[in-house]
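# Here is a sequence together with a model predicted from it:
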Amino acid sequence: MKFSRSSGILLHPTSLPGRFGIGDFGPEAYKFVDFLAESRQSLWQILPLGPTGFGDSPYQCFSAFAGKVTLISPERLIEDGLLSASDLASAPNFSNDRVEFGPVIEWKNALLARSFENFKRGAGASLRREAEEFNESESLWLDDYAFYRAIKDANGGAAWYTWQRELVKRDPRALTSARSRLQEDIEAHRFFQFLFFKQWSELKHYCANKGVSVIGDMPIFVAYDSADVWIHPELFKLDKNGCPRVVAGVPPDYFSKTGQLWGNPLYDWERMRATGFLWWIERVRAALRAADFIRIDHFRGFMACWEIPFGDQTAEHGKWVPVPGTELFAALKKEFGELPIIAEDLGVITPDVEALREELGLPGMRVLQFAFGGDPTDHHLPHNYVRNTSVYTGTHDSDTTVGWFNSKAGVGSTRDKAQINKEREYVLKYLNSDGREIHWDLIRAALASVADVAIVPLQDALGLDSSARMNLPASERGNWGWRFKPDALTRKLSEKLVEMTATYGRNAKSSEGA
């Protein structure tokens with residue numbers, strides 16, 4: 001896949017402003033797309049859009065196919081005749097700075113329930129046929145997911161592996177009984193997914209009309225508490241009781257001295273192979289409907305996975321186990337042709353991983369914040385890039401550029417004081433900078449590089465400090481909640497981006513072959 005020379009902004013929709021406690025697919029999303037177009041940015045990169053559970057991480061979702069319904073816009077439900085303005089008048093006084101996930105979920109779920117009740121009574125009649133078509137076209141995953149969520153609700157939100165044993169084991173009689181008992185709740189969850197994908201599809205269409213392509217994000221793994229694992233336990237390394245034998249993570253690295261213990265169940269790749277990788281084919285098909293391009297997280301895991309014994313408290317004692325990634329991607333190429341994928345190939349990458357990425361022609365990733373801790377041969381330094389690369393000033397897992405530059409030992413980093421000082425001195429020397437606008441210095445380095453794609457987190461374009469950080473790996477609380485203020489996207493910022501984009505020739509609207 002050959003990307004044209006282009007640039008864009010990384011921003012998850014939850015970080016958009018608005019009065020309902022969380023960013024959504026409403027007016028502020030359209031304003032953001034307008035800002036991208038006016039700023040000559042042709043790419044909008046997002047994080048996974050799936051329904052999140054405990055910890056609110058978009059990388060731990062209840063489904064690899066479903067959408068996060070708190071992103072549904074209340075204003076657009078009014079436009080569709082499913083709610084009235086009075087339904088929104090009593091909205092709580094939510095924070096404008098951060099997502100308060102608990103209160104937001106409670107209020108929005110009640111609002112969605114009201115829209116469903118109104119729909120059943122005849123409101124939004126023009127949507128009825130469209131909803132029926134959605135139910136039919138997405139039946140491969142939708143019915144199972146809605147059933148899973150209905151049972152989960154009936155069990156107070158408990159994980160599927162704690163349900164009644166007959167349901168955990170998927171006893172046919174128990175499933176039939178539960179489906180009959182929960183039919184209306186199942187119907188409601190199907191309807192919520194229809195609303196989500198309707199609104200997202202309309203927003204994505206607006207992006208296309210504005211010359212903005214969407215880069216989606218696909219986590220390599222799925223959550224243990226997910227419809228995917230409950231419906232297809234045979235595709236995962238579970239014991240006879242449905243408990244993982246091993247879980248996912250990575251060994252000790254830049255972010256954590258004890259590694260990262262993600263806890264996701266690992267795939268039984270032999271079973272995946274036996275099905276012709278059908279589950280993966282359908283997953284990629286769904287992802288390509290939701291986005292123009294896909295960044296696949298942890299691409300390294302398609303050649304080998306770090307398997308950690310279930311029950312370990314850290315990721316230190318895992319081992320690398322081979323994965324048939326070459327066969328998987330051959331099946332995907334046979335199904336889809338050229339793959340519009342960015343490979344997240346960060347960390348310690350072995351030659352076989354590089355060989356697979358190069359064979360597929362996929363751009364890898366480079367992160368400027370990782371570039372200055374070594375020597376001039378570091379492949380994150382711009383002078384070592386090749387064109388088929390996607391460069392980022394930082395990622396959702398790293399600090400903001402301003403926060404990183406001003407960081408102190410032991411605060412969200414494994415670096416000691418000497419390492420931090422060495423990095424700071426090197427970055428100033430390398431960029432010929434005085435550090436006063438370090439975020440723009442890194443943005444300029446990214447856009448000026450030969451990398452075909454340059455992506456800037458909005459926090460860096462705004463020059464924000466560590467308080468705007470999206471996620472601190474290996475921590476469970478306080479993540480994913482950052483939101484930008486309504487007046488942040490100024491004309492001055494737009495003009496600055498226009499100037500840089502023009503200077504470094506990143507005015508392309510799409511990629512070749514897209």
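Noted; the coordinates are in hand. Since this is a predicted model, take the numbers as computed values, not measurements. Numbers count the residues shown, from 1 in each chain.

# Chain neighbours aside, what residue packs nearest to Trp230?
Trp160 (4.3 Å; C-beta to C-beta, 6 or more residues apart in numbering). From N, CA and C alone the C-beta is placed, and that goes for glycine too.

# Distance check, the one you found against Phe147.
11 Å (C-beta to C-beta, to the nearest Å).

# just checking, the residue nearest to Trp230 touches Tyr148?
Yes: with contacts counted by C-beta atoms under 8 Å, Trp160 reaches Tyr148, the gap being 6.8 Å.

# Now do the shared contacts for those two.
Common neighbours of Trp160 and Tyr148, using C-beta atoms under 8 Å, 6 or more residues apart in numbering, are Trp230.

# now the residue of the chain positioned farthest from its centre, nearest residue through space, not along the chain?
Relative to the centre of the chain, the most outlying C-alpha is that of Arg173, 36.8 Å out, by C-alpha atoms, centre = their mean. Nearest non-adjacent residue to Arg173, counting by C-beta to C-beta, 6+ apart: Glu166, 7.5 Å away.

# Assign the one you found to helix, strand or coil.
helix (DSSP: H, G, I helix; E, B strand; the rest coil).

# Wait, it touches Thr176, no?
No: if you go by C-beta under 8 Å, Glu166 and Thr176 don't touch, sitting 10.8 Å apart.

# Pairing partners for the worst-scoring helix or strand of the chain on mean pLDDT, with directions?
The least trusted helix or strand in the chain, going by mean pLDDT, DSSP states H and E, turns out to be strand 260-265, with a mean of 92. Sheet pairing for strand 260-265, assigned by DSSP bridges, gives strand 246-250 (antiparallel).

# Give me the more crowded residue out of Glu166 and Thr176.
More crowded of Glu166 and Thr176, by other C-beta atoms under 10 Å: Glu166, with 14 against 10.

# so where's this protein uncertain?
1, 254-255, 410-414, 508-514 (pLDDT under 70).

# and the longest helix for it?
helix 183-209 (DSSP state H).

# starting at the chain centroid, how far to that helix?
18 Å (C-alpha atoms, centre = their mean, to the nearest Å).

# what comes up buried for it?
185-200, 203-204, 206-207 (16 or more other C-beta atoms under 10 Å).

# any idea which helix or strand comes after that helix?
strand 213-218 (DSSP states H and E).

# Need the residues that contact that following strand.
Contact with strand 213-218 is made by 8, 42-49, 58, 204, 207, 283-284, 287, 290-297, 342, 455, 509-511, 514, as judged by C-beta under 8 Å, 6+ apart.

# Distance check, Pro265 against Lys2.
35 Å.

# Which one of the two is surrounded by more residues?
The neighbour count for Pro265 versus Lys2, taken as other C-beta under 10 Å, is higher for Pro265 (26 against 13).

# Contacts only, for the more buried one.
Per C-beta under 8 Å, 6+ apart, neighbours of Pro265: Phe221, Val222, Tyr224, Val229, Phe236, Lys237, Leu238, Pro244, Val247, Ala248.

# What distance do you get for the first one to Ala64?
Which is Phe221. 9 Å.

# coming back round to it: what about the residue nearest to Trp230, neighbour count?
So Trp160, with other C-beta under 10 Å, has 22 neighbours.

# and the gap between it and Gly311?
Distance from Trp160 to Gly311, by C-beta to C-beta: 19 Å.

# same question, Gly157
Gly157 is 24 Å from Gly311, by C-beta to C-beta.

# who has more neighbours, those two?
Neighbour totals were compared for Gly157 and Gly311, and Gly157 leads with 11 against 8 (other C-beta under 10 Å).

# what secondary structure does that one sit in?
Under three-state DSSP, Gly157 comes out as coil.

# Dihedrals phi and psi, it?
Backbone torsions for Gly157, taken as degrees, to the nearest 10, come to phi 80, psi 10.

# Please apply the same query to Ile455.
According to degrees, to the nearest 10, Ile455 has phi -120, psi 130.

# State the number of residues packed around Gly8.
So Gly8, with other C-beta under 10 Å, has 23 neighbours.

# With Lys429 instead?
10.

# ditto for Gly26
Neighbour tally, Gly26, other C-beta under 10 Å: 24.

# swap in Gly374?
14.

# What of Gly102?
Gly102: 9 neighbours (other C-beta under 10 Å).

# Same check on Asp434?
Asp434, neighbours per other C-beta under 10 Å, totals 9.

# what does the one 10 residues further on give?
Arg444 is surrounded by 17 other residues when neighbours are defined as other C-beta under 10 Å.

# and the gap between it and Val99?
In terms of C-beta to C-beta, Arg444 sits 31 Å off from Val99.

# same check, this time on Ser398
For Ser398, the distance to Val99 - C-beta to C-beta - is 20 Å.

# So between those two, which is more surrounded?
Ser398 (25 against 21).

# Excluding chain neighbours, what is closest to that one?
Ser398 sits nearest to Gln369 (C-beta to C-beta, 6+ apart), 5.3 Å away.

# So that neighbour belongs to a helix, correct?
Yes: when three-state DSSP is applied, Gln369 is found to be in a helix.

# where's it relative to Leu195, distance?
38 Å.

# Could you count how many residues lie near Ala274?
12.

# thinking again about what came up before, could you check the angle the longest helix of the chain makes with strand 213-218?
140 degrees (axes from the mean of the first three to the mean of the last three C-alpha atoms, to 10 degrees).

# packing partners for helix 183-209?
Helices and strands touching helix 183-209, as assessed by 3 or more C-beta pairs under 8 Å, 6 or more residues apart in numbering; DSSP states H and E, comprise helix 27-38, helix 101-120, helix 128-137, helix 139-154, strand 213-218, helix 278-290.

# At which residues are the strands of this protein located?
Counting by DSSP state E, the chain has strands at residues 6-10, 43-45, 213-218, 246-250, 260-265, 293-296, 304-309, 319-322, 341-343, 364-367, 389-392, 453-457.

# Can you get me the start-to-end distance on stretch 473-493?
Using C-alpha to C-alpha, to the nearest Å, one end of stretch 473-493 lies 30 Å from the other.

# Buried by neighbour count: which residues of that stretch qualify?
Applying 16+ other C-beta under 10 Å to stretch 473-493 flags Pro473, Ala474, Asn479, Trp480, Gly481, Trp482, Arg483, Phe484, Leu489, Leu493 as buried.

# repeat for stretch 93-113
Phe94, Arg98, Val99, Glu100, Phe101, Val104, Ile105, Trp107, Lys108, Leu111, Leu112.

# what does stretch 80-91 give?
Those buried within stretch 80-91 under the rule 16+ other C-beta under 10 Å are Asp80, Gly81, Leu82, Leu83, Asp87.

# Helices - which of those land there?
Reading helices off those with DSSP H, I get Asp87.

# Columns distance to Gly23 on top of the buried residues of stretch 80-91, output as CSV?
Below are the buried residues of stretch 80-91 laid out as CSV (distance: C-beta to C-beta, whole Å):
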residue, distance to Gly23
Asp80, 20
Gly81, 24
Leu82, 20
Leu83, 19
Asp87, 20
